[in-house]
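Trainee: Prediction below, plus the sequence it came from.
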Amino acid sequence: MVRTEFIATGMYVPERVVTNQELEGYMDTSDEWIRQRSGIEERRWAAEDEGGSDMAKVATERALEAAGMEADEIDCIVLATISPDHFFPGTGVFLQRKLGVTGVPCLDIRNQCTGFLYGLEVADAFIKTGQYRRILLVGTEVHSSGIILSTEGRDTAVLFGDGAGVAILGPTEEDGRGVLGVRTHADGQHAEKLWAPAPACVNKPFITKAMIDEGLTRPFMEGRDVFKHAVTKMPAALNEVLEIGGFSIEDLDMVIPHQANMRIAQAVAKGLGLTDDKMYINIQRYGNTTAASIPIALHECVQEGAIQRGDLVGFTAFGSGFTWGGALVRW
Ligand code: UT7
């Protein structure tokens, strides 16, 4: 039976470290508030001319090196982002051009914090059917250009960070290894609970100076409601994929959650009865990097040896849309 395996992972975060103390200089906030409510201590911001495809290029080169592969061995790019380089075309083609792999398909995915898991579901199906053999799966975000550095935008400005994470996926026939299940969900009833109202093609023109002046391009979030849904949907998504394989929580060696808030991850762990050492959290250093958060955490986990070959690894995410999902991988 053919399954999808993770051949290699890679990540890149911009050099610039932005501490909570630095944010205190831009808005009415405090290091104490940010740490207590979210667990975040610092995040990275991309340089002036650094886009999501630039960061993804470096992360990909690192993964290719780890895999001992050349870029031209990639036969498909699946890229998740909510902060594209440009309005169109998709960021995947810019990454493709920078990697020099002209001709391979580039599929952009816009499923916010669940983007990497939606991408994994698609890539897994492609690999199982034999459509592609070396898929580059990317999550990359530049949030620093969308947030508003004032008290008005503080509820989201302190949470988001920039970065890129990638995985190179391919087929394996090794018994019991690889992606055992992926399930994704959405509920558009809640679309406006975490969203950026502009630019918006429902308006003509899709962007005006008034929209910018009103701050409509920044993220708006009903934080408490998002929190409430996240702490129920994330464990449910994990349980759903465990059930597919006939596993239970005790079988898990590591869970990699989307890094939205340390309190969310801790509540999910507590609700599931998972010990702290089985829930990987790195939000302290990067904030919420949306589609990039799971692949960045995965890469760090692998680098630190916190995931070993043969381990059962669970993934779970929740975010704007609402979208949510889970995945289970025998590493
Ligand atoms: O990745 C996508 C999914 N996103 C999430 O899962 C995020 C889910 N939500 C959360 O993580 C939390 O709701 C937040 C961290 C966003 C906020 O924490 P909270 O405990 O829910 O705070 P709150 O929104 O209820 O706000 C409490 C107070 C408010 O003041 P009042 O109305 O009580 O006077 C806010 O205006 O904190 C104020 N506040 C801030 N104060 C200092 C909001 N943002 C800030 C800030 N600094 N940055």
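Mentor: That came through, no problem. Residues are numbered from 1 along each chain as shown.
Trainee: Let me know how buried the nearest residue to Met262 once chain neighbours are set aside is, in neighbour terms.
Mentor: On the basis of Cβ to Cβ, 6 or more residues apart in numbering, the spatially nearest residue to Met262 that is not a chain neighbour turns out to be Gly39, at 2.4 Å. C-beta coordinates here come from the backbone N, C-alpha and C atoms, glycine included. Neighbourhood size, Gly39 [other Cβ atoms under 10 Å]: 19.
Trainee: got the residues of this structure near the ligand?
Mentor: Contact residues, the chain versus the ligand (Cβ under 6 Å from any ligand atom): 29, 33, 37-38, 113, 154-155, 158, 194, 223-224, 226-227, 230, 260-261, 264, 288, 319-320.
Trainee: what secondary structure does Val231 sit in?
Mentor: Here Val231 is recorded as helix under DSSP: H, G, I helix; E, B strand; the rest coil.
Trainee: got a list of what it touches?
Mentor: Ile264, Ala267, Val268, Gly271 (Cβ atoms under 8 Å, 6 or more residues apart in numbering).
Trainee: Give me the phi and psi angles of the second one.
Mentor: The phi/psi pair for Ala267 (degrees, to the nearest 10) reads phi -70, psi -40.
Trainee: Please apply the same query to the third one.
Mentor: With angles defined as degrees, to the nearest 10, Val268 sits at phi -60, psi -50.
Trainee: Kindly report the same for the first one.
Mentor: Ile264 adopts backbone torsions of phi -70, psi -50, taken as degrees, to the nearest 10.
Trainee: Chain neighbours aside, what residue packs nearest to the residue of the chain found nearest the ligand?
Mentor: Using Cβ to the nearest ligand atom, Gly223 is the residue of the chain that sits closest to the ligand, at 2.8 Å. Excluding the flanking residues, the one nearest Gly223 by Cβ to Cβ, 6+ apart is Asp155, at 5.9 Å.
Trainee: In this structure Ile256 contacts Ile294, no?
Mentor: Yes. Ile256 is within contact range of Ile294, at 5.8 Å (criterion: Cβ atoms under 8 Å).
Trainee: so where do the strands sit in the stretch 51-200 of the chain?
Mentor: 76-80, 106-109, 135-141, 163-172, 178-186, 194-195 (DSSP state E, counting those that start in this stretch).
Trainee: Could you dump those into a markdown table and include distance to Ile244, mean neighbour count and mean pLDDT?
Mentor: Below are those laid out as a markdown table (distance: least, Cβ to Cβ, whole Å; neighbours: other Cβ atoms under 10 Å; pLDDT from 0 to 100):
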| stretch | distance to Ile244 | mean neighbour count | mean pLDDT |
| --- | --- | --- | --- |
| strand 76-80 | 22 | 28 | 98 |
| strand 106-109 | 22 | 21 | 98 |
| strand 135-141 | 20 | 32 | 98 |
| strand 163-172 | 18 | 26 | 98 |
| strand 178-186 | 4 | 20 | 98 |
| strand 194-195 | 28 | 20 | 98 |
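Trainee: Please identify which of those strands is closest to Leu117.
Mentor: Closest approach to Leu117 among those is made by strand 178-186 (5.8 Å; Cβ to Cβ).
Trainee: JSON lines for the contacts of Val231, including distance to Glu5?
Mentor: Shown next, in JSON lines, are the contacts of Val231 (distance: Cβ to Cβ, whole Å):
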{"residue": "Ile264", "distance to Glu5": "29"}
{"residue": "Ala267", "distance to Glu5": "31"}
{"residue": "Val268", "distance to Glu5": "26"}
{"residue": "Gly271", "distance to Glu5": "30"}
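Trainee: Now, of these, which are buried?
Mentor: Ile264, Ala267, Val268 (16 or more other Cβ atoms under 10 Å).
Trainee: residue contacts, the last one?
Mentor: I take that to be Val268. Per Cβ under 8 Å, 6+ apart, neighbours of Val268: Ala230, Val231, Met234, Pro235, Leu238, Val255, Pro257, Leu274, Met279, Thr316.
Trainee: the domain parsing of this structure - what is it?
Mentor: 3-172, 178-190+220-330 (automatic domain parsing).
Trainee: Relative to Ile212, which of the ones you listed is closest?
Mentor: domain 3-172 (10.5 Å).
Trainee: Hmm, Ile296 is touching Thr9, no?
Mentor: No. Judged on Cβ under 8 Å, Ile296 makes no contact with Thr9 at a distance of 9.1 Å.
Trainee: show me where the stretch 201-331 of the chain has helices.
Mentor: Secondary structure of the stretch 201-331 of the chain, counting by DSSP state H, counting those that start in this stretch: helices at 209-213, 223-244, 262-272, 283-286, 293-303.
Trainee: of the contacts of Val268, closest to Val13?
Mentor: Pro257 (18.4 Å).
Trainee: Correct me if wrong: Gly119 contacts Asp108.
Mentor: No. Between Gly119 and Asp108 there is no contact under Cβ under 8 Å: 9.6 Å.
Trainee: list the residues that contact both of these two?
Mentor: Leu79, Ala80.
Trainee: give me the number of residues near the closest residue to Asp31 other than its chain neighbours?
Mentor: Excluding the flanking residues, the one nearest Asp31 by Cβ to Cβ, 6+ apart is Asn20, at 3.9 Å. Residues within reach of Asn20, counting by other Cβ under 10 Å, total 20.
Trainee: Fine, thanks again, bye for now.
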